[in-house]
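S.K.: heads up, no residue letters with this:
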């Protein structure tokens with residue numbers, strides 16, 4: 001029996017999630033993308049809303065049982081490529097801290113990132129030579145927002161530092177033995193001036209490949225919990241996930257093809273700007289979502305590439321999507337081409353902090369619809 005084939009347009013979180021779920025369903029998958037996607041702009045955690053009841057207001061309606069199943073699948077998927085995700089306890093939403101000292105809700109959080117269901121006193125670590133390290137202002141904001149005490153300590157610049165270093169360069173250095181030794185010695189020294197037993201949060205620069213083991217060493221040596229808080233993009237946490245995820249997909253036989261998709265046809269078929277043409281049994285359009293980039297669908301059903309403001313195809317409304325609560329996501333080709341991972345209806349991930357829910361819900365709804373069509 002010939003395996004079913006699928007094309008995924010887009011290499012961000014929606015594209016990689018689609019590819020993983022399609023592989024699990026037995027598809028031969030090709031990912032088409034001109035660029036790496038937006039994972040390098042993500043902190044690494046999946047957000048699902050501001051409060052415990054937020055899932056009830058999502059445009060795609062799912063029961064709590066279905067959401068919990070989705071979360072369990074996500075945890076298992078991340079574990080398969082080497083990232084441990086922590087989920088909150090029922091009815092208790094965790095918060096992480098930001099580079100500016102604010103509290104931000106987070107649901108599925110990588111084990112390297114600090115998260116707590118209740119605000120607590122923290123020691124914030126600043127790093128000289130890291131442009132995003134504004135530890136004084138960060139501590140002041142955290143005290144005001146959390147009502148808890150906060151302390152700051154500062155690490156001097158590494159011996160090999162120069163003015164070109166950003167977060168990624170720091171992470172590469174801390175992956176090395178010399179960098180890990182520098183961080184261990186330096187953090188031990190500066191924490192002598194901070195209260196004991198209070199958790200420590202570092203900027204998200206603790207390596208790309210050795211993060212979990214290095215944070216465990218830091219926690220053991222310093223005798224307290226040590227975690228990270230996300231920085232502004234480019235995000236080291238998102239890059240860690242992207243690299244691991246793509247390696248796993250390549251091992252599973254997924255092809256990554258570089259180039260600009262110029263036209264989407266309902267066959268389904270994707271035509272590249274260089275003339276290459278790819279056909280498959282199913283096409284998922286995962287290009288442009290949470291961040292508003294890439295492609296959008298206009299009210300009259302045109303697919304518009306916003307980068308050049310040019311129509312590249314058209315979509316027909318399929319009524320079955322409304323039955324799934326998929327109210328403003330369109331498709332063409334009788335459900336063989338579906339849009340996933342983009343804002344729909346009143347769903348505003350930037351406002352409501354529910355981009356992770358949008359990704360899971362739209363990808364799962366699209367795959368459920370394709371399975372119904374196959375039957």
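M.R.: Great, that's in hand. The structure displayed is predicted, hence computed values, not measured ones. Numbers count the residues shown, from 1 in each chain.
S.K.: Low-confidence regions, this structure specifically.
M.R.: 1, 50-59, 89-91, 288-335, 342-348, 350, 375 (pLDDT under 70).
S.K.: State which helix of it is the longest.
M.R.: Longest helix in the chain by number of residues (criterion: DSSP state H): helix 355-374.
S.K.: so what does it touch, helix or strand wise?
M.R.: The criterion is 3 or more C-beta pairs under 8 Å, 6 or more residues apart in numbering; DSSP states H and E, and the helices and strands that helix 355-374 contacts are helix 13-24, helix 64-80, strand 282-285, helix 320-323, strand 337-339. Any C-beta I mention is one placed from the backbone N, CA and C, and that applies to glycine too.
S.K.: Show residues contacting stretch 167-181.
M.R.: Taking contacts as C-beta atoms under 8 Å, 6 or more residues apart in numbering, the residues outside stretch 167-181 that touch it are 127, 130, 132, 158, 160, 165, 183, 203-210, 214, 217, 231, 234, 236, 239.
S.K.: and the end-to-end length of it?
M.R.: Using C-alpha to C-alpha, to the nearest Å, one end of stretch 167-181 lies 18 Å from the other.
S.K.: As a markdown table, the helices and strands packed on helix 355-374 with mean neighbour count and distance to residue 193 would be great.
M.R.: Listed next are these as a markdown table, based on neighbours: other C-beta atoms under 10 Å; distance: least, C-beta to C-beta, whole Å:
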| stretch | mean neighbour count | distance to residue 193 |
| --- | --- | --- |
| helix 13-24 | 25 | 40 |
| helix 64-80 | 15 | 37 |
| strand 282-285 | 30 | 53 |
| helix 320-323 | 14 | 59 |
| strand 337-339 | 29 | 53 |
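S.K.: Among these, which comes closest to residue 190?
M.R.: Closest to residue 190 of the helices and strands packed on helix 355-374 is helix 64-80 (C-beta to C-beta; 32.4 Å).
S.K.: Could you report the neighbour count for residue 168?
M.R.: 15 (other C-beta atoms under 10 Å).
S.K.: For the helix or strand where it lies, which residues meet the burial criterion?
M.R.: If you go by DSSP states H and E, residue 168 is part of helix 167-175. The neighbour-count check on helix 167-175 (16 or more other C-beta atoms under 10 Å) flags 167, 170-175 as buried.
S.K.: again, but for stretch 221-232
M.R.: Within stretch 221-232, the residues scored as buried using 16+ other C-beta under 10 Å are 222, 224-231.
S.K.: Centre of the chain to it, how far?
M.R.: Relative to its chain's centre, stretch 221-232 lies at 20 Å (C-alpha atoms, centre = their mean, to the nearest Å).
S.K.: now the helices and strands packed on helix 355-374 as JSON lines including distance to residue 259?
M.R.: Putting these into JSON lines (distance: least, C-beta to C-beta, whole Å) gives the following:
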{"stretch": "helix 13-24", "distance to residue 259": "14"}
{"stretch": "helix 64-80", "distance to residue 259": "27"}
{"stretch": "strand 282-285", "distance to residue 259": "15"}
{"stretch": "helix 320-323", "distance to residue 259": "29"}
{"stretch": "strand 337-339", "distance to residue 259": "18"}
